[in-house]
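**Q** Give the three-dimensional model of this entry:
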Amino acid sequence: MSERMPYAETDNSTLTKLALLSKRARRDPKLRFTSLAHLLNAEFLEECYYRLGRDRASGIDGVSWKEYGERLDANLNDLVARLKAKRYKPLPARRVYIPKDEHSKRPLGLPALEDKIVQKGIAWILEAIYEQDFLDCSYGFRPRRNCHQALDVVDKTIMKRPIHYVIEADIKGFFDNVSHDWMLRCLEVRIQDPSLLLLIRRFLKAGYVDAGQLVLTEQGTPQGGNLSPIIANIFLHYVLDLWFEKKIKPQMHGVCQLVRYADDFLCLVQYQREAQYIERAMRERFVKFDLQLHPEKTRVVDLRRGQMQKVKEDKHAAHTFDFLGFTHYGGRSRKGNWMLCRQTSAKKFRKECKVLYATLGQTSCLEKLSKR
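**A** Sure thing, here's the model as predicted:
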């Protein structure tokens, strides 16, 4: 394998292709892209290869980053030939389990090395297009956006605007249960390239190997690969974000705001009656897309000052809410003014961040490129 430094000269070509996609998507929000799969050529996939983590665990093929790179040109040329002939089929992911909390584990799918390359290429393409469409309420796994910004928006909105209620929502088993058909229908709003859609469908249907047994997947999106974060954001953009902005907000008399990080989200609402209405409407909305809000973990939380300040020590009280690893509760500033507080151990927060990133993917591809 010929050694080469990351971010070599071919970056310009890759960036140009992605920038042109972004420009077209931004200029025409209704444009449907009919020719995208051809971008997955050897040069483009070479960039994808060099963006992969070199020490990541291998999939069921057992091929490491270094081993694949020993015959990189030949391997990529063969891969491109199979992609063009529609003979490329992803291998099942290798399922492993990582700690979720003290009592449970989270399943993680490790794709084969070649599948990681193709997934990253597709993710780049989708991200270049959909970043022009995503709304400001979405913070998860996007360029120049992070969980700290989402937490900051929650804090500032509650402190500076008349927010008295929070809808703490939990989509029951989102990544295990999301419908493939609905996922693809959401993608088809912008993507009309049959070859690219076929590739994405094959990844969704590839299944996984658990303890030597092949399990086919009829629903859910593969966690642990590069595709999961972007297609989850695309699905929730149409199912939740746009719906909230276009259908819910215009009906409200008071302030209401959605803050979402991947599948973790809050609705900040001024009036109790409207909060209760939104919660019911959200439950009905997700049922239409074959998903459910968890009946016990989804609730309307009363933020009124006299309620929250009494429950600082009880992190599971009715007037606290959890978001991105923090429990939020009412407290007092040094001057005696009411303020929204949040608390967790630094160790717990770091652990949850590591689990979330391991599950959904790494920092945005375009964000890495844009830093050069």
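**Q** ok, Ile234 - contacts?
**A** When contacts are counted by CB atoms under 8 Å, 6 or more residues apart in numbering, Ile234 touches 126, 130, 183, 186-187. For the C-beta atoms, the positions are set from N, CA and C on the backbone; glycine is no exception.
**Q** By neighbours, which of the residues you listed wins?
**A** Ranked by neighbour count (other CB atoms under 10 Å), those have Leu126 at the top, with 24 neighbours.
**Q** Wasn't that residue part of a helix?
**A** Yes: membership of Leu126 in a helix is supported by DSSP: H, G, I helix; E, B strand; the rest coil.
**Q** Touching, Pro107 and Tyr97? I think so.
**A** Yes: at 5.8 Å, Pro107 counts as touching Tyr97 under the criterion of CB atoms under 8 Å.
**Q** Just the element for Gln257, please.
**A** Per DSSP states H and E: Gln257 is located in strand 256-261.
**Q** Now do the very next helix or strand once past that strand: which elements does it pack against?
**A** Using DSSP H and E, the next helix or strand after strand 256-261 towards the C-terminus is strand 264-269. For strand 264-269, the helices and strands in contact under the criterion 3 or more CB pairs under 8 Å, 6 or more residues apart in numbering; DSSP states H and E are helix 147-160, strand 165-170, strand 256-261, helix 272-288, strand 321-323.
**Q** Indicate which one of the ones you listed is closest to Arg304.
**A** Arg304 lies closest to strand 165-170 among the helices and strands packed on strand 264-269, at 8.3 Å (CB to CB).
**Q** related to what we said a few turns ago, what is the most widely separated pair among the contacts of Ile234?
**A** Largest separation among the contacts of Ile234 by CB to CB: Tyr130 and Met183, giving 13.2 Å.
**Q** Kindly provide the distance from Ala150 to Gly331.
**A** Separation of Ala150 from Gly331 (CB to CB, to the nearest Å) stands at 21 Å.
**Q** With neighbour numbers in mind, choose between these two.
**A** Applying other CB under 10 Å to Ala150 and Gly331 shows that Ala150 carries more neighbours, namely 23 against 16.
**Q** Give me the nearest residue to the more buried one, chain neighbours excluded.
**A** Nearest residue to Ala150, sequence neighbours excluded (CB to CB, 6 or more residues apart in numbering): Tyr139, at 3.9 Å.
**Q** Against Val209, how distant is the residue nearest in space to the middle of the chain?
**A** Central residue of the chain (CA atoms, centre = their mean): Pro229, 3.1 Å from the mean position. Counting by CB to CB, the gap between Pro229 and Val209 amounts to 23 Å.
**Q** Quick check: buried residues in the strand or helix carrying Ile234?
**A** With secondary structure defined by DSSP H and E, Ile234 is part of helix 227-236. Residues of helix 227-236 classed as buried by neighbour count (16 or more other CB atoms under 10 Å): 227-236.
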